[in-house]
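**Student:** could you look at this predicted model? Sequence included:
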There are 2 protein chains.
Amino acid sequence: MNEMSPQRECDPLGDWQRTHHCSELRATDTEQKTCLMGWVQFRRDHGGLIFIDLRDRHGRTQIVFNPEINAEAHARAHVLRSEYVLAIRGVVRMRPEGMRNANLPTGDIEVEVQEWKLLNSAKTPPFPIEDRVEVTESTRLEYRYLDLRRPQCTRNLIIRHKASQSFRDFLNLEGFLELETPILTRSTPEGARDFLVPSRISPGSFFALPQSPQLFKQLFMVAGMDRYYQVVRCFRDEDLRADRQPEFTQIDLELSFVDQEQVMQLAERMIRHVFKQTLDHALPDPFPRLTHEQAIRDYGVDKPDIRFELLLHDVTDIVRNSNFRLFASSELVKALVLPQGAGLSRNDIDQLTEFVKIYGAQGLAWIKIKADEWQSPIAKFLSEEERAGLVQALSLKEGDIVFFQAGVPDMVNAALGNLRLELAQRFKLIDEAVFQPVWITDFPLLEHDPEAKRWVARHHPFTSPQEGHDRVMIEEPAKALAKAYDLCLNGYEIGGGSVRIHSAELQEQMFAALGIAPDEARRQFGFLLKALEFGAPPHAGIAFGLDRLIMIMTQSASIRDVIAFPKTQKASCLMTQAPSGVSNVQLRELGLKVREAVK
Amino acid sequence: MNEMSPQRECDPLGDWQRTHHCSELRATDTEQKTCLMGWVQFRRDHGGLIFIDLRDRHGRTQIVFNPEINAEAHARAHVLRSEYVLAIRGVVRMRPEGMRNANLPTGDIEVEVQEWKLLNSAKTPPFPIEDRVEVTESTRLEYRYLDLRRPQCTRNLIIRHKASQSFRDFLNLEGFLELETPILTRSTPEGARDFLVPSRISPGSFFALPQSPQLFKQLFMVAGMDRYYQVVRCFRDEDLRADRQPEFTQIDLELSFVDQEQVMQLAERMIRHVFKQTLDHALPDPFPRLTHEQAIRDYGVDKPDIRFELLLHDVTDIVRNSNFRLFASSELVKALVLPQGAGLSRNDIDQLTEFVKIYGAQGLAWIKIKADEWQSPIAKFLSEEERAGLVQALSLKEGDIVFFQAGVPDMVNAALGNLRLELAQRFKLIDEAVFQPVWITDFPLLEHDPEAKRWVARHHPFTSPQEGHDRVMIEEPAKALAKAYDLCLNGYEIGGGSVRIHSAELQEQMFAALGIAPDEARRQFGFLLKALEFGAPPHAGIAFGLDRLIMIMTQSASIRDVIAFPKTQKASCLMTQAPSGVSNVQLRELGLKVREAVK
């Protein structure tokens, strides 16, 4: 065996057993014997000694090879390079005065090597194992096993682990059962696109991967399980956005014999518990609440970031008879004031104008409130009365800038609501250390799908209307409200749930309201309708997106940073090269052919 | 609203809140107010009163409707039938002397109804909600939501929940991180058949569902995660046997810087913890161990049930020169003694002969040891010396019966090893209250696949040879031993693991020993080989089959009894009718066609 190669490959450890991890030893351990194992973070030769920082998941410990202690061990240590794996046996010593590192938990001590083993060598990694790396994300994903060694990535996975366990601890104490639901299940057309799994035993038939365990968890309630939860993988074959993955993890709950209020209170206590246990962070108690109508009115969006003010204001009535034609003719005119924003440059305003066009706006009207005049392309159209009305309604002060949007409500709210977020980003109006949850309630039950030319369920077709709205949903579908609730955190929806329909009759009425014919409803959801006839209890639930929650908790830029082995935005794994081609034998067994055009 | 139909469908509970579950109230709660919700187990009208047993997941409470307390509430209660769902408000009363039920935790009390609500009605279920039901399994699976209401089924899921949590509690305290691995991953040809998932974004390419997270957990070790676990769904598209499902759940572990002994000790402590926490049952400490060779020698199988004796004995040497030609000419002759079994009838023996034919035996030789003679078709061929040798080797006593099997070792061991289990079943030699674990170690590294005409990995191709056996595996593949270990319980393999290869060079040698060409190895496992070059630590792991373990813990007949929504042996779900046909649009998006022949 040459000196460069690792020790015996089938028995690398022999009788060596690790006694401590690399962030464990302290001054109080001085003169103790220890056996550490880990990776070389870096090596430094100084004054005839060799120093390395040995790293593991927990942290780092300084190791010293001293030729006066063991000449052979010191000599062999010249092979050591970054990311080599070794085991050392040695004695804990205080570092000399002036050499201690107060920033490192083990910074008071070092370990003087008596003997050591090389457990594995390592090629030079394509990027250094440090938090700040100048490397493309695709290289990091290709070498994900090295990327995960970086302390920030390791920390993200540890927080994910802790958060998952704290969810479980809370729910176990609250009398929930963790129950597993199938991954190979039935495709249903309502909802997003399913991933399909061809059946070999029934060629031509397919399983679908679940978008959520919705129907199974309702069936658990029919089965009397009372309180169910699951930390569960879900799947959606959609085109991916920055914060979407084809597979994602949900904390999924369902409870029997409860109404909306009890689910919200329980979920709120749970989220507070998880933040306390995982980050030692106290969330507000109680969480604030907004109705969907209030959220749209004040924030323009249904997942408002309420860490900062800048509310939207409806000024339609003030400018109803304006000489500015656009204002007078629009269904809705709203304004957003950026206090002391009158210093914005023409270029700033041009950029913001481009920004709102993403949301369908034609342009962006604005007024700078100066001491002597209102500086604005539209100021000349505004009467004294309109100006006075705006000053009062918007509490305008010298130095402010006001933005306006006019047109159909959906566009006005989306454009100004997102402009609000953009301004907060640009002008750093947000305290990034704050976690600010808010409940959104009283969602519309239905929304009109212009493509399908029918009403579709806004949450899902199993959501209960509010009291009396079972009639409203038939007579005035646009006005029907749902017993549905979302929990938002810092401008992201992190959870959503609803009271479910527990009556077969009402469920059939809902399918009818959605334009699904009775025989089609029976074909797709017959097992649910049947189950509801055999004594279904009132029930309700909620599901939280774990990936997104952990992204927010760790202040990461992407959910890919908190998933061990994520897919790219093209839904591929750069490390394993999945998806991949398969053999013709495999396809034949499934009774499938790949279409010529795509070969 | 008519009297028969449930209360308002959108707001069934109003301001009613449950205060207790149905197994909670005791004599000490007498005169307290309570609000219970649950299902009607049965109704009984007696002496002008109506009694029902109200049931939930926790248990049952007797409810009394007394017309003198509330005449209207009593009158309405005449609608109640089995499985109706209701909420009652009432007062806890002691039952009259003589009416108490000591077998029920709530048997001392009853609840006198003050007011009640019908939450849902129920059709008559296709089978009664009781432990003993006379109904086919397919009916139970079609109405699984009713089947799960039966106390035994509910209990199985509760034990499953508790066991899962006790695994987690143990592993969390031992410094493991629960880390998630992808479900949409890459197909690999070594191993069982994969379920495939067509990719829409890369038509003609496929993901595979994982048979285990083996490679990902090894990559976690390369990533420095040190101690990983996951309660994880795995998939295998195999023809199903009684105790197999297309998807199943594993408790999956991996540890760095450890050897076989440390994994076995940790796993053993974990299983003891789970039995103690879940069933309050103390398993032996330590677990007994057998080498694979010992297991085959004494029990004929590699997952021995050691709850009873009846060891196999090698008698080849004793009958080497026998006049019984079969014995003299066979590579291996083994005997199995059933003490005091000489009373077996001709019919019994015929049945046992048919039984061993399943395992490739041609027949079954036997000898009854009677006071005056050896009664047997083969006795006449045996010399005095052979008889004496058998008496001594097998400690034969009057009244015993001996069975023999002669031929190639695999058949002899399988036939007698399974005959041993069959005899134990028939003659009730097993104490069903006992849980008897046993470790099996020192497995062969490779086994010859006659179809593929090459050596294949017995465990998987990532298993480390024992010390020095990296050379043996090249020179004498049949003799190479693995650092692999199985944990068996009551004759089932419940877990298996190995020390993994952590050297890229040794992994390449292993692929070569399996006849996988270097470029093919790189194509299939390149990401693993690459990862092993960047500082892979020594690592090892184990995985437990949760379904089978819970089946044994609950003494269930099938794993289907401990899975909430299992598939049939034809891999279909009788409740949801999965798998099912999908639309042509869905297939076209995936670039797939169903072959004409299977349409």
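**Tutor:** Nice, thanks for sending it over.

**Student:** tell me the contacts of A:Val333?
**Tutor:** A:314-316, A:319, A:327, A:404-406, A:412 (C-beta atoms under 8 Å, 6 or more residues apart in numbering or on different chains). (C-beta placed from N, C-alpha, C; glycine too.)

**Student:** from what I can see A:Arg44 touches A:Val64, true?
**Tutor:** No - the criterion here is C-beta atoms under 8 Å, and A:Arg44 misses it with A:Val64 at 10.2 Å.

**Student:** more neighbours: which of the two?
**Tutor:** A:Val64 (20 against 10; other C-beta atoms under 10 Å in any protein chain shown).

**Student:** show the average pLDDT along the helix or strand encompassing A:Ala406.
**Tutor:** If you go by DSSP states H and E, A:Ala406 is part of strand A:401-407. Across strand A:401-407, pLDDT averages out at 98.

**Student:** and for stretch A:415-422?
**Tutor:** Here the average pLDDT along stretch A:415-422 is 98.

**Student:** before we move on, back to that, and the strand holding A:Ala406, which strands flank it?
**Tutor:** In the sheet, strand A:401-407 lines up against strand A:332-338 (antiparallel), strand A:365-369 (antiparallel) (DSSP bridges).

**Student:** packing partners of the helix or strand just after the last one?
**Tutor:** Just to be clear, that refers to strand A:365-369. Toward the C-terminal end, the helix or strand that comes next after strand A:365-369 (DSSP H and E) is strand A:374-375. Here strand A:374-375 touches strand A:365-369, going by 3 or more C-beta pairs under 8 Å, 6 or more residues apart in numbering or on different chains; DSSP states H and E.

**Student:** CA atoms only for the strand it packs on, dumped as CSV, please.
**Tutor:** In CSV, the C-alpha atoms belonging to strand A:365-369 read as follows (Å, rounded to 0.1, in the frame of the first residue of the first chain):
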residue,chain,number,x,y,z
ALA,A,365,-49.7,57.7,-13.5
TRP,A,366,-47.9,59.6,-10.8
ILE,A,367,-47.8,62.9,-8.9
LYS,A,368,-44.9,64.3,-6.9
ILE,A,369,-46.1,66.6,-4.1
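
**Student:** list the contacts of it.
**Tutor:** Taking C-beta under 8 Å, 6+ apart as the rule, strand A:365-369 contacts A:326, A:341-342, A:344, A:349, A:374-379, A:396-406.

**Student:** quick one: distance of it to the chain centre.
**Tutor:** Distance of strand A:365-369 from the chain centroid (C-alpha atoms, centre = their mean, to the nearest Å) equals 36 Å.

**Student:** same thing with stretch A:24-37?
**Tutor:** Worked out by C-alpha atoms, centre = their mean, stretch A:24-37 lies 40 Å from the chain centre.

**Student:** pop the domain breakdown of chain A in here.
**Tutor:** A:27-120, A:308-430 (the TED database).

**Student:** distance to B:Glu451 added to the ones you listed, as TSV?
**Tutor:** Shown next, in TSV, are the domains of chain A (distance: least, C-beta to C-beta, whole Å):
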stretch	distance to B:Glu451
domain A:27-120	36
domain A:308-430	60
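
**Student:** nearest to A:Leu590, of these?
**Tutor:** Distance to A:Leu590, taken as C-beta to C-beta, is lowest for domain A:27-120 among these, at 40.8 Å.

**Student:** spell out which helix or strand contains A:Pro197, please.
**Tutor:** If you look again at residue A:197, you'll see it is Val, not Pro. Going by DSSP H and E, A:Val197 is part of strand A:196-198.

**Student:** now the element after that strand, going C-ward?
**Tutor:** Strand A:196-198 is succeeded, C-terminally, by strand A:206-208 (DSSP H and E).

**Student:** mind checking how far whichever helix or strand comes after that next one is from the chain centre?
**Tutor:** Using DSSP H and E, the helix or strand that follows strand A:206-208 in sequence is helix A:214-222. In terms of C-alpha atoms, centre = their mean, the centre of helix A:214-222 is found 25 Å from the chain centre.

**Student:** from the contact counts, what lies against helix A:214-222?
**Tutor:** strand A:227-235, strand A:247-256, helix A:518-532, strand A:539-545, helix B:144-147.

**Student:** which one of the strands paired with strand A:401-407 lies nearest to A:Leu529?
**Tutor:** So among the strands paired with strand A:401-407, strand A:332-338 is nearest, using C-beta to C-beta, at 40.9 Å.

**Student:** now the closest one - C-alpha only, PDB.
**Tutor:** Taking Å, rounded to 0.1, in the frame of the first residue of the first chain, the C-alpha atoms of strand A:332-338 are listed here in PDB:
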ATOM      1  CA  LEU A 332     -61.800  51.400 -10.300                       C
ATOM      2  CA  VAL A 333     -59.100  54.000  -9.600                       C
ATOM      3  CA  LYS A 334     -56.600  53.300  -6.800                       C
ATOM      4  CA  ALA A 335     -53.600  55.200  -5.400                       C
ATOM      5  CA  LEU A 336     -50.500  54.200  -3.600                       C
ATOM      6  CA  VAL A 337     -48.400  56.800  -1.800                       C
ATOM      7  CA  LEU A 338     -44.600  56.400  -1.300                       C
END
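
**Student:** pLDDT averaged over that strand - what is it?
**Tutor:** 98.

**Student:** and stretch A:52-62, by the same measure?
**Tutor:** Mean predicted lDDT for stretch A:52-62 stands at 97.

**Student:** hmm, it in reach of chain B?
**Tutor:** Yes - Stretch A:52-62 is in contact with chain B by C-beta under 8 Å from any C-beta of the partner chain, via A:55-58.

**Student:** restricted to helices, list those residues.
**Tutor:** Among the residues of stretch A:52-62 next to chain B, no member falls in helices (DSSP state H).
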